[in-house]
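S.K.: Predicted structure and sequence below. I'll ask about it afterward.
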Amino acid sequence: MPHLPYFHAQLTQFPWGRLERDGTVSHKFLQARFDVLDSDYRKAGFWAIPERANPHDNSDDLLLSNAARPFTDNTNLKGYTHGAMMLALEEWPSDVEGWKLQDESLIPHIFFTAQFPPPPRPRPGQVRDWKSWYEWRGLSLESPAAVLMDHVLTTYYLLTETLKVVDLQYPSNDRQVVDVHYLGMETELNYLPLFSELALLLPNTHMNLTIFSPATHNLLEHAKQRYPRSIAAREGPVWEYTAPRPTGGGSIAISLYHAPPLPPVARQMQLRPFKGVWQRSVIMLAPKDPDALVALNAGILSYSTWHEVVSCATMANIPFACTDYAQQSAQMCADHIPEWLNEAARSFRPDEDLHQKLVRQRTRPVTINPFHRPGQRPMSQVRSPNLGNGFICRIVGPE
């Protein structure tokens, strides 16, 4: 296990990076140490998410049901559901209210004051790992920000380094617009304002970030039926942010995907009703393809619904990257995808363009994610590296 020393060093650079006797890290203990732990999500801090053995929702997917059973638990925050804040509130809490850290200097602020000024405009390549991000942000390593910012910084890394769909050298007199589909979001729904970091990190860039997941679909259904004035019930973006001009003036608009009504020919096209899972109807009914797809802690081999995503992204040549907890999982994903695509190619004649796109040889490198969540997940029976957003697999991207 050659990567263990690297991951250990990444954790122990933080003063709060405590290892338990079994080699794992308890972020629940970390929340308790910072006095933000509470049984009620409305009183808890760190943008209130539960800490449990299986971080994902229960699924009726046959591929997953048996594998997930040993990790099934019902330990949850009282009244918690993914994105609960968007149902309970008409406006998002401030960054200080969301983190609930007693020492405000440990918070990666997105609303700035004379006491907490904005970071400088980032130089291309300046932010490349946790240490460099903390330095750019002017944060002490005492800050626990890394345990929650891994999804945000991983998205940044996928778009700029893995898929290269955002140009960090873009001319300052122009503005690039990037449309990104974020697939499978769950706990991140509780702290969407933290994705404002992308606007700070990407000068002269506007990002439209559209969220897809069963959790998002359920959230929208609840909002429509019972919470018409809530954040989640908004027709447009549920969060918008523009970075200060000295930082580069980047901006972001985050939306929960609202599926348009299926056309009358949907039955002939065998389009399924939309329940939050990204599928081919999304690009068939949209005016343009997204610039990229990202899926974090995706479990590509665990859910059969990923087959359609992978084949559609490949046929449309949409850049697509995912992360997984373990290197073995990410490598198995890279190894098995050609089998899926060869099977999908059987629906087309060998001389058809879509057949050629599906069977085309592509490299799918698996790499360590420098913005993984620090610390081994609380699964003492697993000895190899297993971390939130630990490893990256590029599925469709620049060769």
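M.R.: Right, received. Where do you want to start?

S.K.: in the stretch 51-200 of the chain, which spans are helices?
M.R.: For the stretch 51-200 of the chain, helices defined by DSSP state H, counting those that start in this stretch occupy the ranges 62-68, 84-88, 95-99, 130-137, 146-157, 197-201.

S.K.: How far does the fifth one sit from its chain's centre?
M.R.: What it means is helix 146-157. 8 Å (CA atoms, centre = their mean, to the nearest Å).

S.K.: same deal with the last one?
M.R.: Averaged C-alpha coordinates place helix 197-201 at 15 Å from its chain's average position (CA atoms, centre = their mean).

S.K.: still on that earlier bit, and of the helices of the stretch 51-200 of the chain, who's closest to residue 171?
M.R.: Counting by CB to CB, residue 171 lies closest to helix 197-201 out of the helices of the stretch 51-200 of the chain; the figure is 17.5 Å. Every C-beta, even on glycine, is put in place using the N, C-alpha and C of the backbone.

S.K.: what element comes up after that closest one heading to the C-terminus?
M.R.: strand 205-212 (DSSP states H and E).

S.K.: which residues are contacting that next one?
M.R.: 166, 170, 175-185, 189, 195, 198-199, 250-257, 276-278, 282, 290 (CB atoms under 8 Å, 6 or more residues apart in numbering).

S.K.: Quick one: buried ones out of the residues you listed?
M.R.: Applying 16 or more other CB atoms under 10 Å to the contacts of strand 205-212, the neighbour count classes 166, 176, 178-185, 189, 195, 198-199, 250-257, 276-278, 282, 290 as buried.

S.K.: My guess is residue 342 contacts residue 361. True?
M.R.: No: in this structure residue 342 lies outside contact range of residue 361 using CB atoms under 8 Å: 11.3 Å.

S.K.: more neighbours, the two?
M.R.: residue 342 (11 against 6; other CB atoms under 10 Å).

S.K.: where are the low-confidence patches of the stretch 1-150 of the chain?
M.R.: Where the stretch 1-150 of the chain drops to pLDDT under 70, the residues are 1, 39-42, 45-46, 50-80.

S.K.: make it 90
M.R.: 1-4, 18-85, 87-90 (pLDDT under 90).

S.K.: For residue 253, which three-state class applies?
M.R.: State at residue 253, reduced to three classes by DSSP: H, G, I helix; E, B strand; the rest coil: strand.

S.K.: what ranges do the strands span in this protein?
M.R.: Remark: strands assigned in the chain by DSSP state E are 176-183, 205-212, 239-242, 251-256, 292-295, 320-324, 366-368, 391-396.

S.K.: Within the sheet, what are the partner strands of the second one, with directions?
M.R.: This points to strand 205-212. In the sheet, strand 205-212 lines up against strand 176-183 (parallel), strand 251-256 (parallel) (DSSP bridges).

S.K.: want to throw those strands into JSON lines with mean pLDDT and distance to residue 11?
M.R.: Shown next, in JSON lines, are the strands paired with strand 205-212 (pLDDT from 0 to 100; distance: least, CB to CB, whole Å):
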{"stretch": "strand 176-183", "mean pLDDT": "97", "distance to residue 11": "26"}
{"stretch": "strand 251-256", "mean pLDDT": "98", "distance to residue 11": "29"}
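
S.K.: Which stretch among those strands approaches residue 385 most closely?
M.R.: Evaluated over the strands paired with strand 205-212, closeness to residue 385 peaks at strand 176-183, with 23.7 Å, by CB to CB.

S.K.: circling back to that earlier point, quick check: which of the strands paired with strand 205-212 is nearest to residue 314?
M.R.: Nearest of the strands paired with strand 205-212 (CB to CB): strand 176-183, 14.9 Å.

S.K.: Using PDB, write out the CA atom coordinates for that closest one.
M.R.: Below are the C-alpha coordinates for strand 176-183, written out as PDB (Å, rounded to 0.1, in the frame of the first residue of the first chain):
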ATOM      1  CA  GLN A 176     -15.400  32.500 -20.200                       C
ATOM      2  CA  VAL A 177     -18.800  30.700 -19.500                       C
ATOM      3  CA  VAL A 178     -18.800  27.100 -18.400                       C
ATOM      4  CA  ASP A 179     -21.800  24.900 -18.000                       C
ATOM      5  CA  VAL A 180     -21.200  22.000 -15.600                       C
ATOM      6  CA  HIS A 181     -23.600  19.200 -14.600                       C
ATOM      7  CA  TYR A 182     -22.900  17.900 -11.100                       C
ATOM      8  CA  LEU A 183     -24.200  14.300 -10.700                       C
END
